[in-house]
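Student: turn this into a model:
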Amino acid sequence: MKKARLVRSVMITLAAVGMCLPPAAFAVEPAPAPAVVDVALSDGGMLHGQVLNLQGAGVAGVPVVVKTQDRDVAAATTAADGTFNIQGLKGGMYQVAAGQGQGVYRLWSAGTAPPVAQTSATVYSQNGTVDSNAVVYTQNCCCEGGGLKAFLTNPIVIAGIVATAIAVPLALSNQHHASH
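Tutor: Model (predicted):
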């Protein structure tokens, strides 16, 4: 009977804390939409590109994979100066992944690209770099500034945790004294 009362008290406390939190405390921040870069393919559906490190130097021997809808379409390895060429591609949306970097590209068949289209794709092999014609993505763990950290650092959540930490031992103490 007394345990049921204790459980009910704890549940009511937790529910009250939950109702005090704004809905945004439970929301997960949406991932930013990837920037799409227009790149003109040369004759034969050839994609020219380069993989660079953060200092801007070409990186040799990096595997480069071209994907569409999570399906590998083509692959290559970078040369000594970090350049790569992949032939046989058609116009459309693709992801180009190289090392730790990844970019989203709209490839255009030869002669059909808009004037703003780049002539090659540049991908950085390190995390967190954004280039004018490539976007590199990193996974964001919920504990590195994501929703969980924001939730647990909310002052209302902290107050609720402190209140629960005080209320539960008091209720247990009262239950213990009442049973004697």
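
Student: per-domain residue ranges of the protein.
Tutor: Domain ranges of the chain: 2-29+153-178, 36-135, per automatic domain parsing.

Student: from residue 160, how far out is residue 19?
Tutor: In this view, residue 19 and residue 160 are 10 Å apart by CB to CB, to the nearest Å. The C-beta positions use only the backbone N, C-alpha and C, and glycine is treated the same way.

Student: just the strands in the chain please.
Tutor: 36-40, 47-52, 63-68, 71-77, 83-86, 92-98, 101-108, 121-124, 130-131, 134-135 (DSSP state E).

Student: quick one: closest of these to residue 7.
Tutor: For residue 7, the closest of the strands of the chain is strand 101-108, at 48.6 Å, according to CB to CB.

Student: tell me where the longest helix sits in this protein.
Tutor: Ordering each helix of the chain by length in residues (DSSP state H) puts helix 155-178 first.

Student: one step back: who has more neighbours out of residue 19 and residue 160?
Tutor: residue 160 (18 against 7; other CB atoms under 10 Å).

Student: about what we covered before: same list, the strands of the chain, but as a markdown table with mean pLDDT and mean neighbour count please.
Tutor: Supplementary listing: the strands of the chain in a markdown table, determined by pLDDT from 0 to 100; neighbours: other CB atoms under 10 Å:
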| stretch | mean pLDDT | mean neighbour count |
| --- | --- | --- |
| strand 36-40 | 92 | 19 |
| strand 47-52 | 93 | 23 |
| strand 63-68 | 94 | 18 |
| strand 71-77 | 94 | 13 |
| strand 83-86 | 96 | 19 |
| strand 92-98 | 93 | 20 |
| strand 101-108 | 91 | 21 |
| strand 121-124 | 89 | 25 |
| strand 130-131 | 37 | 14 |
| strand 134-135 | 38 | 23 |
